[in-house]
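1. Can you look at this prediction? I've put the sequence above it.
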Amino acid sequence: MGPVPHLIARVRAEFARTEQDKSCHFFPLPRDNDGELPPTLRAYCGFDIVPGQAEAFEGPVGMPCLTCLMAAALSESESA
Ligand SMILES: [Zn+2]
């Protein structure tokens with residue numbers, strides 16, 4: 001478990017349809033899932049992503065989803 005308990009991911013270009021798809025979203029990761037990803041992940045903003053159709057990043061790339069960015073920043077400051 002890294003210091004940041006969320007996943008940063010974006011829908012792969014070949015699956016991206018909307019601006020929201022193309023944005024980089026932040027996904028709170030389940031802590032008790034033994035490293036397994038659920039069939040879909042729900043971002044802080046409510047955006048659903050299928051792990052097989054997404055790529056994960058170490059940090060925000062391109063255009064981050066502002067709703068996710070704010071929620072992730074808040075969750076980090078709360079747990080600090
Ligand atoms: Zn988002």
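-> The structure has been received and is ready for your questions. This one's a predicted model, so the numbers in the text were calculated from it and none came from an experiment.

2. Please identify the buried residues of the longest helix along the chain?
-> In terms of residue count, the longest helix belonging to the chain (DSSP state H) is helix 66-79. For helix 66-79, burial by neighbour count (16 or more other CB atoms under 10 Å) applies to 67-69, 71-72, 75. C-betas here are computed from N, CA, C, even on glycine.

3. of all the residues you listed, which two lie farthest apart?
-> Comparing every pair within the buried residues of helix 66-79 by CB to CB identifies Thr67 and Ser75 as the most remote, at 12.6 Å.

4. So for these two, which residues contact both of them?
-> With contacts defined as CB atoms under 8 Å, 6 or more residues apart in numbering, the residues adjacent to both Thr67 and Ser75 are Tyr44.

5. for the chain, what's the longest strand?
-> Ranked by residue count under DSSP state E, the longest strand found in the chain is strand 6-11.

6. helices or strands up against that strand?
-> Strand 6-11 sits against helix 19-22, strand 25-28, strand 54-57, with contacts defined as 3 or more CB pairs under 8 Å, 6 or more residues apart in numbering; DSSP states H and E.

7. How about residues contacting the second one?
-> Looking back up the chat, that one is strand 25-28. 5-10, 41-45, 47, 49, 64-65, 68-69, 71-72, 75.

8. C-terminal to that strand, what's the next element?
-> Using DSSP states H and E, the helix or strand that follows strand 25-28 in sequence is strand 41-42.

9. The next helix-or-strand element following that next one near the ion anywhere?
-> The first helix or strand that comes after strand 41-42 along the chain, using DSSP H and E, is strand 48-49. No. Remark: strand 48-49 sits outside contact range of the ion, by CB under 5 Å from the ion, the gap being at least 9.2 Å.
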